[in-house]
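**Q** sequence plus the predicted model coming up.
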Amino acid sequence: MPAKRHIYTVETEWTGNHGLGTRSWHVYGRNHVIVADGKPAIQGSADPSFHGDPTGWNPGELLLASLSACHKLWYLGLCAGAGIVVTAYRDHAEAVMVESPMGEGVFESALLRPHISLSGLGLIERAQALHDQAHAHCFIARSVTFPVICEPVFQIV
């Protein structure tokens, strides 16, 4: 059976032209809007350290959010299949990007720290093992070249 292909499309429109275009890197904004059919727009910008608007989502945050959300979706599906009832899941994720003196950057690592509430005693060991499986299946984590570590914290409710 041939591989199944999924195609994703978004439109990113730069909204940071303050009337002078890119005449100088000091005069233009880094703001943009990301849209996809039928979905709310995402207000984006550069990281504030790269002259971005701190109220907009920057590409690093969006990459980290993608890693976190993909892991969560796989994890919840695996738990459902294993009979483990998750009642709450909140990830406190962090990524590290290293910038060279010339301004190029590369992501060095990402750390997912989900806080998970489980219904039932004696499930933590099984629930922990499912994180490794979720990581192995996560489309986004499988696509990046830097390590993605998961350090879950469990609570029994």
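**A** Arrived safely. Numbers count the residues shown, from 1 in each chain.

**Q** local confidence estimate at the residue nearest the centre of the chain?
**A** Centroid check for the chain by Cα atoms, centre = their mean gives residue 65 as the closest residue, at 2.0 Å. pLDDT recorded at residue 65 is 98.

**Q** please parse this structure into its domains.
**A** Structural domains assigned to the chain are 11-50, 59-156, following automatic domain parsing.

**Q** gap between the two ends of the longest one?
**A** The one in question is domain 59-156. 35 Å (Cα to Cα, to the nearest Å).

**Q** helices along this protein, start to end?
**A** 59-82, 124-137 (DSSP state H).

**Q** and the longest one, what does it pack onto?
**A** Right, helix 59-82. Helix 59-82 sits against strand 42-44, strand 85-91, strand 94-99, strand 105-112, strand 114-119, helix 124-137, strand 148-150, with contacts defined as 3 or more Cβ pairs under 8 Å, 6 or more residues apart in numbering; DSSP states H and E. Heads up, the C-betas are built off the backbone N, CA and C, glycines and all.

**Q** so which of the ones you listed is nearest residue 28?
**A** Residue 28 lies closest, by Cβ to Cβ, to one member of the helices and strands packed on helix 59-82: strand 42-44, at 14.7 Å.
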